[in-house]
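Peer 1: Here's a sequence, model it:
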Amino acid sequence: MEALRNVFRSPWTSAEKLHGKTVLITGANTGIGLEAAADLATRGARIIMACRDMEKAQAAIKEVKERSLNQNVVCMKLDLSDTKSIREFARAVNEGEPVLNILINNAGVMACPYGKTADGFELQMGVNHLGHFLLTFLLLDLLKRSSPARVVTVSSMAHSWGSINLDDINSERAYDKNKAYAQSKLANVLFTRALAKRTQGTGVTAYSLHPGVVQTDLWRHLNGPQRFFVKLASPFTKTSAQGARTTVYCAVEPSLADVSGGYYSDCAPANCSAAGKDDELAQKLWELSCRLLDITWD
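Peer 2: Residues are numbered from 1 along each chain as shown. Presented below is the predicted three-dimensional model:
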């Protein structure tokens, strides 16, 4: 049993320090976002915890400060299901922060009942992909001025079961919560691949990752049979701290400084699906995302 558990644990460790660096993490009040915040704060970074629930965020900040012994930790309200909130948040960061060295697109929703964002996007696509797409767009100039800088986007192995329905990206004709989740996670991989091409030579690099099978609040929408499977698999799942390790790896590992656009798992390069390597699909999704968000991002 212990040998099987170890399959899911990465031996990677690093003493890399981040003094003078600023890290922004979405969804940092719980799960792997919280664990990544604590790890990176321990390395000396200024941490901006971007959270929707400010009550939970206050408790999370207290925990991160106590665990890291780093008082340079702040929280800011961000609702990724509302482009108005995203724009207000990005404006505050751009006006208030002199540098931004690491952006971690971590927040997400998983396998939830059908719903729409404030702007009418299907909830999983809207939060997991379009919200982070817009946030990265609005912060990119600051990241470039702060280079070397990194954009780390948390995807999932579920991307390999997904496909991008460009004609019905918001699942309005038919909705399957698991397919919609997989689509949004594939979008994360394609976004990272396309972003890497557009930031080549700017000092900004991009990475997507699978954190592992981690038991977090994301699982709250699973149905009865799925919950039963999760219970059976629980001895082989990762803790939030273990799940955060690949996020931290992509954020700090020195050997990744000159590579961009890749997909990682267990603190190492990993193979993504064929669809995740489809540059034509990535370009079409990029153009559609820009149209939906009413932005121009060449």
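Peer 1: Where does pLDDT dip in the stretch 151-298 of the chain?
Peer 2: Filtered on pLDDT under 70, the stretch 151-298 of the chain yields the residue ranges 214-236, 238.
Peer 1: what ranges do the helices span in it?
Peer 2: For the stretch 151-298 of the chain, the helices defined by DSSP state H, counting those that start in this stretch occupy 177-198, 224-233, 240-243, 245-252, 279-293.
Peer 1: How far does the fourth one sit from its chain's centre?
Peer 2: The chain centre lies 11 Å from the centre of helix 245-252; the measure is C-alpha atoms, centre = their mean, to the nearest Å.
Peer 1: tell me what that helix is packed against?
Peer 2: Judged by 3 or more C-beta pairs under 8 Å, 6 or more residues apart in numbering; DSSP states H and E, helix 245-252 is in contact with helix 31-42, strand 102-105, strand 149-154, strand 204-210, strand 262-265. In short, each C-beta sits where N, CA and C put it, glycine included.
Peer 1: ok and that helix relative to strand 204-210, angle-wise?
Peer 2: Between helix 245-252 and strand 204-210, the angle comes out at 170 degrees (axes from the mean of the first three to the mean of the last three C-alpha atoms, to 10 degrees).
Peer 1: Compute the inter-axis angle for helix 245-252 and helix 31-42.
Peer 2: 40 degrees.
Peer 1: how about helix 245-252: buried residues?
Peer 2: 245, 246, 247, 248, 249, 250, 251, 252 (16 or more other C-beta atoms under 10 Å).
Peer 1: before we move on, what about stretch 62-75?
Peer 2: 64, 65, 68, 70, 73, 75.
Peer 1: can you give me phi and psi for the fifth one?
Peer 2: Dihedral pair for residue 73: phi -130, psi 130, per degrees, to the nearest 10.
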